[in-house]
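Colleague: Predicted model, plus sequence, below.
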Amino acid sequence: MLADRYVLGRRLQQARSLLQQNKPVERSLSDIAARVRDSSARLTARRTALPRPDYPEELPVSGKREEIAAAISRHQVVIVCGETGSGKTTQLPKICLELGRGVAGLIGHTQPRRIAARSVASRIAQELQSPLGQAVGYKVRFNDKLSESSYIKLMTDGILLAETQGDRFLNAYDTIIIDEAHERSLNIDFLLGYLKQLLPKRPDLKVIVTSATIDADRFSRHFNDAPVIEVSGRTYPVEIRYRPLGNRGAISQLKMDARQQGEGDETVQGVRRGADNAANAADASIQKWQEDEEDLELLGQDLMGVKRKARIESRWLQEDEEEEAIEEAILDAADDLLRLADGDILVFLPGEREIRDVADHLRKYQGRSAKLRHIEVLPLFARLSIEDQQKIFRRSGTTRIVLATNVAETSLTVPGIKYVIDAGLARVNRYSPRAKVEQLQIEKISQAAANQRAGRCGRVSNGICVRLYSEEDFKARPAYTDPEILRSSLAAVILRMAALRLGDVADFPFIEAPSSRLINDGYQLLQELGAVDQQRQITEIGKQLARLPLDPRMARMILAAKREHCLREILIIASALTIQDPRERPMDKREAADQAHRKFADEQSDFMSFLKLWAFYEDALKNKKSNKDLLNQCHQNFLSFLR
């Protein structure tokens with residue numbers, strides 16, 4: 001077994017050392033012989049029990065099975081590219097099994113997201129007719145389902161990266177599949193660079209990189225012109241319809257009904273006009289008072305505060321109006337599509353909050369449309385519970401509207417989709433070199449991402465994709481999404497590289513090298529945290545930080561908290577800072593939400609509010625009568641149960 005090779009090598013070195021010192025080696029050699037026999041027996045047993053896979057003939061990748069197998073046999077690295085739905089994610093591990101891979105070491109199969117790792121593992125296990133956790137298992141943060149009899153291990157790319165700390169040569173694996181490499185996350189780019197350095201030291205290791213049709217040649221060049229095998233997608237024609245928010249034509253009857261019942265359009269406009277008027281009045285007053293200079297400086301500062309508050313209020317209202325416009329546009333589009341023919345609809349939205357808002361909006365108006373009355377509304381995002389995720393893959397017989405983040409863009413194939421509604425937005429993590437902070441911003445998606453989304457509805461029949469933006473807007477967007485490594489803080493990457501002794505980050509074989517400014521900013525932050533010294537060498541503190549799977553700033557905070565004897569409190573605060581705010585503020589219940597949240601407010605610090613929130617949850621958890629009771633308490637206090 002590959003995992004035994006490193007241990008046995010060290011044992012042999014120890015035995016040689018004993019011989020050179022004229023010390024007895026019989027016991028050491030006996031232990032080595034026993035370990036070799038045990039490893040050989042396990043290898044034979046695994047080879048005997050190796051599953052014999054079948055391949056669904058309807059999947060395009062099945063037709064390329066022999067070509068892919070031949071390429072894997074002849075080359076250390078193979079690039080397989082094809083559109084989502086071609087079957088590459090589920091069938092490639094089975095092709096590797098048929099080649100005898102997975103016996104001496106595991107077939108490691110990475111996914112960008114936990115939801116995909118679990119669902120793909122479940123699917124492959126089902127196709128191999130093996131209970132999940134036996135021949136096929138998975139490992140994600142806080143959860144794993146593997147056994148000694150496993151051949152295929154699904155995991156997030158972050159898990160594989162973390163394993164490099166204790167297994168630098170990845171001896172646990174004889175094959176590694178990096179799936180969805182075109183997403184170009186920070187983890188994926190770092191793994192691809194790490195593997196490029198590792199391959200000469202592990203000639204027995206096979207690497208398969210899968211990608212959509214974009215970027216395949218770039219991956220091939222990165223691995224010294226590795227062969228590229230293209231697999232066609234299983235697609236039907238998809239009609240693209242542009243329906244920009246500002247020019248949607250006739251307003252749907254549903255929206256007219258809502259307006260006739262006075263659901264706040266005029267009120268919102270009135271408040272917004274009031275906010276603008278307040279800001280303009282403050283401008284005029286400030287100008288007047290500034291002419292009088294020092295005597296009225298304090299009053300001028302007060303008016304500046306009024307102006308800022310009014311401008312912020314106006315901006316919030318504008319954002320709310322845009323969100324309401326998207327909700328109405330989705331409602332209109334869904335109603336119109338279902339009038340053409342029944343079929344499931346996949347709606348792409350930027351995040352969890354938008355998904356919940358749109359879900360509430362759809363359910364609110366279901367009774368007013370004959371077509372929407374009997375639909376099933378299902379959310380889909382990475383943090384969704386396993387039970388709720390599985391609902392996506394179980395057909396209920398009713399028409400479904402699935403509201404998803406970009407997790408459904410490539411990582412998961414939602415079955416039965418006939419229509420796609422694309423808001424054209426996604427949440428993107430972006431580092432600001434000037435402010436030296438990372439922000440999760442809502443941005444327009446690229447043309448490549450938009451085309452990926454459109455392709456989700458051409459799997460079972462002719463499809464229609466409704467884009468809630470204009471064709472001109474689409475053509476003006478960038479062709480591809482820029483890689484995360486070009487828009488993220490590099491502190492965590494630099495720290496990991498230093499801990500693994502991989503050399504200077506500027507010399508690391510990234511697919512695309514980050515700018516010197518990003519590299520310098522990363523080192524500067526690590527120096528401020530005490531993780532590296534002035535010579536950019538890792539310190540003892542840095543080694544401790546590298547062992548924690550956290551942003552270096554959060555990890556440093558936790559180390560300091562241990563020294564200051566406040567670890568419990570800081571763990572709560574650090575946890576809160578790594579997720580979206582659990583306090584919800586629905587658009588139609590803002591005042592009630594604000595009132596409910598006031599008991600968590602703290603004049604000293606917003607951080608203290610997190611402690612009050614946790615204390616409330618702990619008390620509710622301890623005194624709950626049932627899980628439903630706990631859920632109700634969270635809802636009554638406008639708190640997200642999932643967070």
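Modeller: Perfect, I can see it now. Because the structure is predicted, anything quoted here is derived from the model rather than measured.
Colleague: Let me see the backbone angles for residue 388.
Modeller: phi -70, psi -30 (degrees, to the nearest 10).
Colleague: in the stretch 1-150 of the chain, which spans are strands?
Modeller: 77-82, 106-111, 136-140, 143-145 (DSSP state E, counting those that start in this stretch).
Colleague: Export those as CSV, with columns for mean pLDDT.
Modeller: Shown next, in CSV, are the strands of the stretch 1-150 of the chain (pLDDT from 0 to 100):
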stretch, mean pLDDT
strand 77-82, 94
strand 106-111, 98
strand 136-140, 96
strand 143-145, 90
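Colleague: Residue 339: which of the ones you listed is closest?
Modeller: In terms of C-beta to C-beta, the element of the strands of the stretch 1-150 of the chain nearest to residue 339 is strand 77-82, at 34.1 Å. Where you see a C-beta, it was placed from the backbone N, CA and C, and this is true even at glycine.
Colleague: List of residues touching the closest one?
Modeller: Residues outside strand 77-82 that contact it (C-beta atoms under 8 Å, 6 or more residues apart in numbering) are 60-61, 68, 71-72, 88, 92, 199, 206-213, 216, 219-220, 223-224, 226-233.
Colleague: That one pairs with which strands, parallel or anti?
Modeller: Applying DSSP bridges, strand 77-82 is found paired with strand 206-211 (parallel), strand 228-231 (parallel).
Colleague: Return the most buried member of these.
Modeller: strand 206-211 (a mean of 26; mean count of other C-beta atoms under 10 Å).
Colleague: surely residue 365 meets residue 331?
Modeller: Yes. Taking contacts as C-beta atoms under 8 Å, residue 365 lies within contact range of residue 331: 6.2 Å.
Colleague: more crowded one of the two?
Modeller: residue 331 (23 against 19; other C-beta atoms under 10 Å).
Colleague: in the stretch 51-200 of the chain, which spans are helices?
Modeller: Taking DSSP state H, counting those that start in this stretch as the criterion, the stretch 51-200 of the chain contains helices spanning 60-63, 65-74, 88-98, 114-127, 157-163, 186-198.
Colleague: For residue 134, see how far away residue 359 is.
Modeller: According to C-beta to C-beta, to the nearest Å, residue 359 and residue 134 sit 37 Å apart.
Colleague: distance of residue 407 from residue 6?
Modeller: As judged by C-beta to C-beta, residue 407 and residue 6 stand 36 Å apart.
Colleague: So those two - more neighbours on which side?
Modeller: For residue 407 and residue 6, the more surrounded residue by other C-beta under 10 Å is residue 407, and the numbers stand at 21 against 13.
Colleague: So, low pLDDT: which residues of this structure?
Modeller: Within the chain, the ranges that satisfy pLDDT under 70 run 213-214, 234, 246-321, 385, 411, 587-588, 625, 641-643.
Colleague: So which residue is smack in the middle of it?
Modeller: residue 113 (5.0 Å; C-alpha atoms, centre = their mean).
Colleague: Surely that residue is in contact with residue 408?
Modeller: No. Look at residue 113 against residue 408 with C-beta under 8 Å: they stay out of range, at 10.4 Å.
Colleague: Going by secondary structure, residue 354 is in what exactly?
Modeller: Per DSSP states H and E, residue 354 falls inside helix 352-365.
Colleague: Show me what that helix is packed against.
Modeller: helix 297-340, strand 376-380, strand 400-404 (3 or more C-beta pairs under 8 Å, 6 or more residues apart in numbering; DSSP states H and E).
Colleague: how close does the closest residue in space to residue 204 that isn't next to it in sequence get to residue 158?
Modeller: Closest residue to residue 204 apart from its sequence neighbours, by C-beta to C-beta, 6 or more residues apart in numbering: residue 174 at 6.5 Å. Residue 174 sits at a distance of 22 Å from residue 158 (criterion: C-beta to C-beta).
Colleague: Compare those two and say which is more crowded by neighbours.
Modeller: Between residue 174 and residue 158, counted using other C-beta under 10 Å, the more crowded position is residue 174 (22 against 19).
Colleague: All good on my end, thank you.
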